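S.K.: Just the structure for this:
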Amino acid sequence: MRSFATVGHPGALALIERAITSNRPPHALLLVGPERVGKTTLALDLAAGLLCLAGDPADRPCGECTACRKVAHGNHPDLHRLAPEGAGQQIRVGQIHQLVGDLALLPLEGRFRIAVLENAQRLNIDAQNALLKTLEEPPSAVVLVLAAGDATSLLPTVVSRCARVRLGPVPSEDIGRMLANAGIADGARGAALGRLSGGRPGIAFALASQPEAAIVQARLSAALLDLISADRRQRLAAQQSLIEDGAALAAASAGAATEAASGRPERGSRRVSPAERRAAVVQVLAVWRDVARDLAVAVRGGRREMRQHELLDELVSIGALVEPAAVTRFLGRVESVSRALDAYANPELALDALLLNWPRPRQAA
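M.R.: Next up is the predicted model:
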């Protein structure tokens, strides 16, 4: 019997099952979807299924054989994983050259060599061009999986050579069941975390297993709502506080120890590196997108569709003060700034731009 780690995404799982059963996967697969929605998990399910030692293809991945365990532990010799590195958080041409060299060799233990490129939108142009040759003329028994939050930063020639699958948010009820099965949250709490995470299982798991992450996210959401009534000077002065909360959220979401477990971490207690600052701003934007979405729902009189129910009263009162069109425009700006960050824009300037364009009450607009 098959053992997939992926929850939700029935269409994508059906495609993966067909590839495993036929033993003829696409040579290149592009998975596109929001951060931590399950793209890497799905890619690893495909890898486990293709490398699984179960005799019947209908039982792959079995989750119990040596190959499945090695994939789960990240030490299978035929599975290669790349992720962005350095202060700019890029996948660089040297990483691709090394990968291409590895993929040119025959598999060591399995039927395939599989490469998973996480956050593939962070491939720089030189790296994408270096990857093109392999995409155009892939070696036999090689499968490339690119997991990207947004495909717009990828070259059209790269995208056109991949089979594409889009992953959307997972229903909160499915996330609730997943958390309950893992024994880290009951059904009601799990469903609430599913809503709060915006249907992204990875974020729901982080919030459930790292209570400090939920504390920081709630604090950050409230601070962003407070800035609606702030003037220009107050908004710009809030940048450092937002970045430090974003850094704490990024660390907590990654399972690292943070100062967020009890109240507000001490401001300025340590220096945040350039890589951490970029990751922090990405986290701030993710929370901001959810807050703005809930505000857009509140502006139009919605209630049940909100993700952050604990901020219901604040969202409703603020929603009565802002123009619906202003919130809609701001959501578009968040997406534009997110793409600019992927193109290596300055994170502090990007944050300033959003702070100045965050909607204001009608009388102050």
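S.K.: so where's the stretch 51-200 of the chain uncertain?
M.R.: 87 (pLDDT under 70).
S.K.: residue boundaries of the helices in it?
M.R.: Secondary structure of the stretch 51-200 of the chain (DSSP state H, counting those that start in this stretch): helices at 66-73, 93-103, 125-136, 156-159, 172-181, 187-196.
S.K.: With distance to A148 added, can I get those in TSV?
M.R.: The way it works is simple: take the backbone N, C-alpha and C, and place the C-beta from them, glycine included. Below are the helices of the stretch 51-200 of the chain laid out as TSV (distance: least, Cβ to Cβ, whole Å):
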stretch	distance to A148
helix 66-73	21
helix 93-103	15
helix 125-136	11
helix 156-159	9
helix 172-181	22
helix 187-196	23
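S.K.: Put together CSV for those, with mean neighbour count on each row.
M.R.: Converted to CSV, those look like this (neighbours: other Cβ atoms under 10 Å):
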stretch, mean neighbour count
helix 66-73, 17
helix 93-103, 16
helix 125-136, 17
helix 156-159, 15
helix 172-181, 19
helix 187-196, 20
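S.K.: Nearest to P57 among the ones you listed would be which one?
M.R.: Closest approach to P57 among these (Cβ to Cβ): helix 66-73, 13.6 Å.
S.K.: counting contacts, what elements does the closest one pack onto?
M.R.: Under the contact definition 3 or more Cβ pairs under 8 Å, 6 or more residues apart in numbering; DSSP states H and E, helix 66-73 sits against helix 39-51.
S.K.: Please identify which of the helices of the stretch 51-200 of the chain is closest to I243.
M.R.: Taking Cβ to Cβ, helix 187-196 is the member of the helices of the stretch 51-200 of the chain nearest to I243, at 21.7 Å.
S.K.: what about the next helix or strand after the closest one, distance to the chain center?
M.R.: Next along the chain after helix 187-196, taking DSSP states H and E as the criterion, comes helix 201-209. With Cα atoms, centre = their mean, to the nearest Å as the basis, helix 201-209 stands 12 Å off its chain's centre.
S.K.: follow-up on the earlier one: nearest to R293, out of the helices of the stretch 51-200 of the chain?
M.R.: helix 187-196 (11.6 Å).
S.K.: Return the distance of S209 relative to I184.
M.R.: According to Cβ to Cβ, to the nearest Å, S209 and I184 sit 6 Å apart.
S.K.: Actually, N346.
M.R.: Computed as Cβ to Cβ, the N346 to I184 distance reads 38 Å.
S.K.: same thing with L154?
M.R.: From L154 across to I184, the span is 35 Å (Cβ to Cβ).
S.K.: Who has more neighbours out of these two?
M.R.: L154 (20 against 16; other Cβ atoms under 10 Å).
S.K.: Wait, that one touches Q128, no?
M.R.: Yes - if you go by Cβ atoms under 8 Å, L154 and Q128 touch, sitting 6.6 Å apart.
S.K.: top helix in the chain by residue count?
M.R.: The residue-count maximum for a helix in the chain (DSSP state H) belongs to helix 274-299.
S.K.: Give me the buried positions along it.
M.R.: Buried residues in helix 274-299, counted by 16 or more other Cβ atoms under 10 Å: 276-299.
S.K.: same thing with stretch 48-55?
M.R.: By 16+ other Cβ under 10 Å, the buried positions in stretch 48-55 come out as A48, G49, L50, L51, C52, A54.
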